[in-house]
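Q: Curious how this folds, go ahead:
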Amino acid sequence: MADLFATEEQAPHAPESAAGPLADRLRPQRLEDVVGQEHLTGPEGAIGRMVAAGKLSSIILWGPPGTGKTTIARLLADAVGLRFVAISAVFSGVADLKKVFAEAKEYARLGRRTLLFVDEIHRFNRSQQDGFLPYVEDGTVTLVGATTENPSFELNAALLSRAQVLILRRLDHEALTLLLDRGEALEARPLPLTPEARDALVASADGDGRFLLNQAETLFSVRFEAPLDPAGLSNFLQRRVAVYDKDREGHYNLISALHKSVRGSDPQAALYYLARMLTAGEEPLYVLRRLVRMAVEDIGLADPNALVQCLAAKDTYEFLGSPEGELAIAQACLYVATAPKSNAAYTAQKAAWRAAKETGSLMPPQNILNAPTRLMKDIGYGKGYTYDHDAEGGFSGDDYWPEEMAPQTFYTPTDRGHEKRIAERIAWWNEMRERRRDDGRKSGE
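A: Residues are numbered from 1 along each chain as shown. Take a look at the predicted model:
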């Protein structure tokens, strides 16, 4: 039977061409040779256990680029004796999927099951993802999907419920170094780098093994009179651009890290995450909006100037533009990170909003209502109101709450920063209010 995807099916067993890319020539032939993912491929890992049992369930491989998702899928098919078919959601549509499923059914009737590897599965829309369900459920295919995006946001709940999500780790320094060692052994010569430059090359890969090997291949292709130092390497190779999609999970991870670093009063970490976002191309005004939010949510009246600083940074950036205006953003970031922290205003706002919804349309007490007409005066509007500026200490101590509602405490200032002074002021007012009430009770006796 002609196989529409014969090339993909044969790929796990095909010998690598000596002239092929270094990354392909170094592609592992056994699961245990995959670097950096031992938590999955080892004897106690989910993949290791599946292979040992000889039974593979549908899985979603979630991880950064260049961490071995495609390689693991190929080796899984080989390890459990499944026919391997690979498609990419970028280049495939409904017609392609129908052909894959039809062929898989034919092979299933002949007693051979199919592992369908779907690269970038998150790029299929919801209805296309639903199209996998019947074929996964009846065993026509064992699905292995690969994604760099959070499956919780990008994949249907129905599909997720039928697949196990396995998380691949970003390749660390040790794993990347091992890849370079293998590349040098295959080429039978060392990279033309000093030890310091070799470390710099590993760091520049940003956890992406494929990128690292492609850079190494470029270095192997050129003859140098002497090993390159870090500066020479930087001049020869373009530095990797950080993986960052402004509408994807990486965006939300970094803004979360920035916010929590500010809240945790770590100016060094906050400045680092700010730099990560801006150097990756984040819109500076978005970062400024988030800094303004931090100023009112996590600092508030503990340092009212934090909000002023953030708004001034916004004005400065709009006036100067990039890159000069980014210094103002950095200054605002450092200010909010080093400011005393309080979420008292934030919690007070939520509590007050909740009370307002629960109490409906209660009328304020009549003594604080305006009385612009004679009728309103006649029925008591404004009667008994005390003008605070005429009272002793500029404070009357009147009750401003609706008669049907007991006084509430929404805002409780902390003892940090400016709020410590506010707390002392409120305590004095409370004491004066209670004293006036006592005086009122005594005069009424």
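
Q: tell me which residues in the longest helix seen in the chain are buried?
A: Taking DSSP state H as the criterion, the chain has its longest helix at helix 418-444. By 16 or more other C-beta atoms under 10 Å, the buried positions in helix 418-444 come out as 418, 419, 422, 423, 432, 433, 436. (Glycine included, C-beta is placed from N, CA and C.)

Q: Redo those residues as TSV? Include pLDDT and distance to residue 257.
A: What follows is those, written out as TSV (pLDDT from 0 to 100; distance: C-beta to C-beta, whole Å):
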residue	pLDDT	distance to residue 257
418	93	27
419	93	26
422	94	31
423	93	32
432	88	46
433	86	44
436	78	50
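
Q: Figure out how far stretch 428-435 is from the centre of its chain.
A: Centroid displacement of stretch 428-435 relative to its chain, using C-alpha atoms, centre = their mean, to the nearest Å, is 48 Å.

Q: for the record, mean pLDDT for the strand or helix carrying residue 144?
A: Per DSSP states H and E, residue 144 falls inside strand 141-147. With pLDDT averaged residue by residue, strand 141-147 scores 94.

Q: ok, the residue nearest the centre of the chain to residue 114 distance?
A: Nearest residue to the geometric centre of the chain (C-alpha atoms, centre = their mean): residue 253, 1.9 Å. From residue 253 across to residue 114, the span is 35 Å (C-beta to C-beta, to the nearest Å).

Q: what's the answer for residue 284, then?
A: 49 Å.

Q: and what of residue 94?
A: Applying C-beta to C-beta to residue 94 and residue 114 gives a distance of 18 Å.

Q: Neighbour count for those two, which is higher?
A: residue 114 (26 against 11; other C-beta atoms under 10 Å).

Q: Report the contact partners of that one.
A: Residue 114 makes contact with 82, 83, 84, 85, 103, 104, 107, 108, 140, 141, 142, according to C-beta atoms under 8 Å, 6 or more residues apart in numbering.

Q: now residue 163
A: Applying C-beta under 8 Å, 6+ apart, the residues near residue 163 are 57, 58, 59, 60, 136, 143, 145.

Q: Nearest to residue 295 among those?
A: residue 60 (39.1 Å; C-beta to C-beta).

Q: ok, that closest one touching residue 119?
A: No - Residue 60 is beyond contact range of residue 119, at 11.8 Å (criterion: C-beta atoms under 8 Å).

Q: ok, these two, which is more surrounded?
A: residue 60 (24 against 20).

Q: Now do the buried residues in stretch 299-312.
A: 299, 300, 301, 302, 303, 304, 306, 307, 309, 310.

Q: residues making contact with that stretch?
A: Contacts for stretch 299-312 (C-beta under 8 Å, 6+ apart): 288, 291-292, 294-296, 328, 331-332, 335-336, 339-346, 413-414, 416-419, 422.
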